[in-house]
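1. Here you go, sequence then predicted model.
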Amino acid sequence: MKFINSLINIIKKFDSPTNQTINTIIDKRTDICPYCNQRLKKIPGAKTKCPSCNNFIFVRTTPNNEKVSVTKDDADKIDDEWAKINGTFEFRQEKKRQYKDKYNQLKARFKKNPDKNDVKWGLLNDELVKNLQNGDINLYRSTRFNMAELLHKEKNYKKALLFYFEVCYLDINDPIEIFFAPGIIKRAKRNIKLLYLNKEECKKMFIERNKMIQKYPGIKIDPKKAW
């Protein structure tokens, strides 16, 4: 009992206001576009496109606790500073290098500047091949989910739904525990609604899609049974 009381007193000491560091955010956002200096309708609260120059304005909080509205380049610089603080700077630089290499590869192939989503898709395809070569189904699942998210942003709802179905099928085949992430179910239902699909149409899509990956390592449950 004496030990418990001592522990409680220590916790109270460190929780007291005199021992807490108060980091007040200083709001330095303005209603002026950082690109063209034209006035905006309101101060940006998140990523916003300027109606005058059509550039995206980004909102960031700096390591000095200043909330600012900045250009893409300045947002990247702030993100780099945070990456140095949290120890992910080298990883972030490697991702930038991969993006640049894929961009140049696609530019040389198609003789024009590729869309950023085309670059992201190319990188995800590279990841998918690597996942399969390594026999890592968990990473494969994560990559498929990211592809589904990208497809949905491009309003390719049907193909996105097929990939969400694939993720669900992989979760059913988890050797440790069958677990459906609520977010996956929610996304699948959203796309089903957008496509006005009935139950039988969904069943057909689910089974036909997952027949393609039934041969992958660790996949034991038949798609029909999984449905």
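-> Perfect, thanks for sending it. Please read these numbers as outputs of a predicted model, since none were measured by experiment. Numbers count the residues shown, from 1 in each chain.
2. so where's this structure uncertain?
-> Counting by pLDDT under 70, the chain shows low-confidence ranges at 1-22, 175, 177-178, 180.
3. tell me the strands in it, going along the chain?
-> With DSSP state E, the ranges of strands along the chain come out as 26-27, 48-49, 56-61, 66-70.
4. quick one: which of the ones you listed is nearest C36?
-> For the strands of the chain, the distance to C36 is smallest for strand 56-61, at 10.4 Å, taking Cβ to Cβ. For every residue, glycine as well, the C-beta is placed using N, CA and C.
5. just checking, what packs against that closest one?
-> Judged by 3 or more Cβ pairs under 8 Å, 6 or more residues apart in numbering; DSSP states H and E, the packing partners of strand 56-61 are strand 48-49, strand 66-70, helix 72-86.
6. which one of the strands of the chain lies closest to K112?
-> Of all the strands of the chain, strand 56-61 sits nearest to K112, with 21.8 Å by Cβ to Cβ.
7. hmm, who's touching that closest one?
-> With Cβ atoms under 8 Å, 6 or more residues apart in numbering as the test, strand 56-61 has contacts from 25, 29, 33-35, 40, 44-50, 67-72, 74-75, 78-79.
8. now with 7 Å?
-> 25, 29, 33-34, 44-50, 67-70, 72, 75, 78 (Cβ atoms under 7 Å, 6 or more residues apart in numbering).
9. related to what we said a few turns ago, pick the most deeply packed of the helices and strands packed on strand 56-61.
-> strand 66-70 (a mean of 18; mean count of other Cβ atoms under 10 Å).
10. Which parts of this structure are helices?
-> Here the chain has its helices, by DSSP state H, at 2-15, 72-86, 89-110, 116-133, 137-153, 157-172, 182-195, 199-211, 223-226.
11. Adding distance to V59, write those helices out as JSON lines.
-> JSON lines is the format used below for the helices of the chain (distance: least, Cβ to Cβ, whole Å):
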{"stretch": "helix 2-15", "distance to V59": "31"}
{"stretch": "helix 72-86", "distance to V59": "8"}
{"stretch": "helix 89-110", "distance to V59": "19"}
{"stretch": "helix 116-133", "distance to V59": "20"}
{"stretch": "helix 137-153", "distance to V59": "20"}
{"stretch": "helix 157-172", "distance to V59": "28"}
{"stretch": "helix 182-195", "distance to V59": "24"}
{"stretch": "helix 199-211", "distance to V59": "38"}
{"stretch": "helix 223-226", "distance to V59": "43"}
